[in-house]
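S.K.: Requesting a structural model of the entry that follows:
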Amino acid sequence: MGAAGSIDPVLRYRASNGGWRVSAIDYAKFIQVFDPNVHALGPVAQKWQDTLSGNPSYGLGTFIRRTPRGRMFWHSGRAAPGEHGERSGAYTMKFPNGWTTVITFDGDPRGSDLRQRLEGAVANR
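M.R.: Presented below is the predicted three-dimensional model:
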């Protein structure tokens, strides 16, 4: 999908993402991989996603929610607190209507609250 980024040597050992730093635009490109209309995932991976149980479900590093309008995908990443307690991260959602949102943050927002607010703001547009 043409997403780029770099590995931050300070974050590399304390972040679950291995210290990957990426711009909001490239994070939006990353989530497009999961859109079934883009065909970036092969047919085996797409079929596998269709068989995941639960709603939402989790697979290939992203959450998937099936809605009457189609699939919604979301992913978040946070850096573990450093020696001074700082936190940061990002959150992206791909909606079935074609909208994609990316939020970057300093601090520690409440993930489910953030997801619900984004869904409410975008899902029905």
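
S.K.: Spatially nearest residue to Ala24, not counting backbone neighbours?
M.R.: Using CB to CB, 6 or more residues apart in numbering and skipping the chain neighbours, the partner closest in space to Ala24 is Val102 (4.3 Å). To be clear about C-beta, it is placed using only N, CA and C from the backbone, and glycine gets the same treatment.

S.K.: so where does the one you found fall, helix or strand?
M.R.: According to DSSP states H and E, Val102 maps onto strand 100-106.

S.K.: and that strand, which strands flank it?
M.R.: Strands that pair with strand 100-106, judged by DSSP bridges, come out as strand 88-94 (antiparallel).

S.K.: who's in contact with the strand it pairs with?
M.R.: Contacting residues not belonging to strand 88-94 are listed as 22, 24, 27-28, 30-32, 34-35, 72-79, 100-107, 109, 111, 114-115, 118-119, 122 [CB atoms under 8 Å, 6 or more residues apart in numbering].

S.K.: Quick one: the helices in this structure, in order.
M.R.: 24-32, 43-51, 111-122 (DSSP state H).
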